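[1] Quick check, what structure comes out for this input:
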Amino acid sequence: MAEMPLIDPGKCDGCGLCVGVCHCNALAIVENVVTIDSGTGCDWCTDCEAVCSTGAITCPFEIVVQ
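    Next up, the predicted model:
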């Protein structure tokens, strides 16, 4: 299985900003917490992590562009 962003449900406030920026449609709000559909093919753009004001989403790998 491909690596996916990590979700800390305790930090998620269910705002949905991450869902709005996910162009892969990999994220959804379920019971007021973001969830990831691992079958959608997340391309690690890290936009979800960038818009998460509570720090609930993290992408555990550093992407280096040279």
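[2] what's the burial count for the residue nearest to Asp43 when sequence neighbours are not counted?
    In space, Asp43 comes closest to Cys24 once its chain neighbours are excluded; the distance is 5.9 Å by C-beta to C-beta, 6 or more residues apart in numbering. Where C-beta positions appear, they are placed from N, C-alpha and C, glycine not excepted. The tally of other residues near Cys24 (other C-beta atoms under 10 Å) stands at 15.
[3] Could you find the closest non-adjacent residue to the residue sitting nearest the centre point of the chain?
    Central residue of the chain (C-alpha atoms, centre = their mean): Cys48, 4.5 Å from the mean position. Once flanking residues are discounted, Cys48 sits nearest to Cys18: 3.9 Å by C-beta to C-beta, 6+ apart.
[4] Secondary structure of that neighbour: a helix, I assume?
    Yes: when DSSP: H, G, I helix; E, B strand; the rest coil is applied, Cys18 is found to be in a helix.
[5] got the contact list for it?
    When contacts are counted by C-beta atoms under 8 Å, 6 or more residues apart in numbering, Cys18 touches Leu27, Val34, Asp47, Cys48, Val51, Cys52, Ile57.
[6] Out of the residues you listed, flag the one nearest to Gln66.
    For the contacts of Cys18, the closest approach to Gln66 (C-beta to C-beta) belongs to Asp47, at 20.7 Å.
[7] Check the offset of stretch 58-66 from the chain's centre.
    Mean-position distance between stretch 58-66 and its chain equals 14 Å (C-alpha atoms, centre = their mean, to the nearest Å).
[8] now this structure, which segments are flagged as low pLDDT?
    1-2, 62-63 (pLDDT under 70).
[9] repeat that for 80
    Residues of the chain meeting the criterion pLDDT under 80: 1-3, 38-41, 61-64.
[10] At which residues are the helices of it located?
    For the chain, the helices identified by DSSP state H occupy 17-21, 47-51, in order along the chain.
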